[in-house]
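*Asks:* attaching a predicted model along with its sequence, questions to come.
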Amino acid sequence: MHWVYLVIAGLFEIVWAFSMKQSEGFTRPGPTIVTIVAMIVSFALLSLSMRSLPLGTAYTIWTGIGAVGAFLVGIMVLGETANAMRIIAALLIVAGLVMMKISAPG
């Protein structure tokens, strides 16, 4: 179950990153509230996953899911650039996440 918590925590990290962008510096109440709630949920689930997973594994995978997810949302939703270097960088992050999962106990 700790891996499920971690993946969901990473997905909520994507939500708060996107809603933070939409909050325009916390000047828009709706996206600001979504950001804060998603952060709380993300951190709570991360902490639950850390009951069983090593710190380095949990934190790396959590931030990796958030980083790659925010990258994809930026491209698909916000129209950000998807050049070869950025895509390769994202693929390297994914490769690192897979290696962390394979090497982690539990």
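*Replies:* The structure has been received and is ready for your questions. Residues are numbered from 1 along each chain as shown.
*Asks:* how about the residue most central in space within the chain, secondary structure?
*Replies:* In the chain, the residue lying closest to the centroid (CA atoms, centre = their mean) is residue 66, at 1.6 Å. Here residue 66 is helix, with the state taken from DSSP: H, G, I helix; E, B strand; the rest coil.
*Asks:* ok, it to residue 105 distance?
*Replies:* 23 Å (CB to CB, to the nearest Å). Heads up, the C-betas are built off the backbone N, CA and C, glycines and all.
*Asks:* check the gap between the residue in the chain sticking out farthest from the centre and residue 80 for me.
*Replies:* Most distant residue from the mean C-alpha position of the chain: residue 27, 23.0 Å away (CA atoms, centre = their mean). According to CB to CB, residue 27 and residue 80 sit 21 Å apart.
*Asks:* also residue 21?
*Replies:* Residue 21 is 10 Å from residue 80, by CB to CB.
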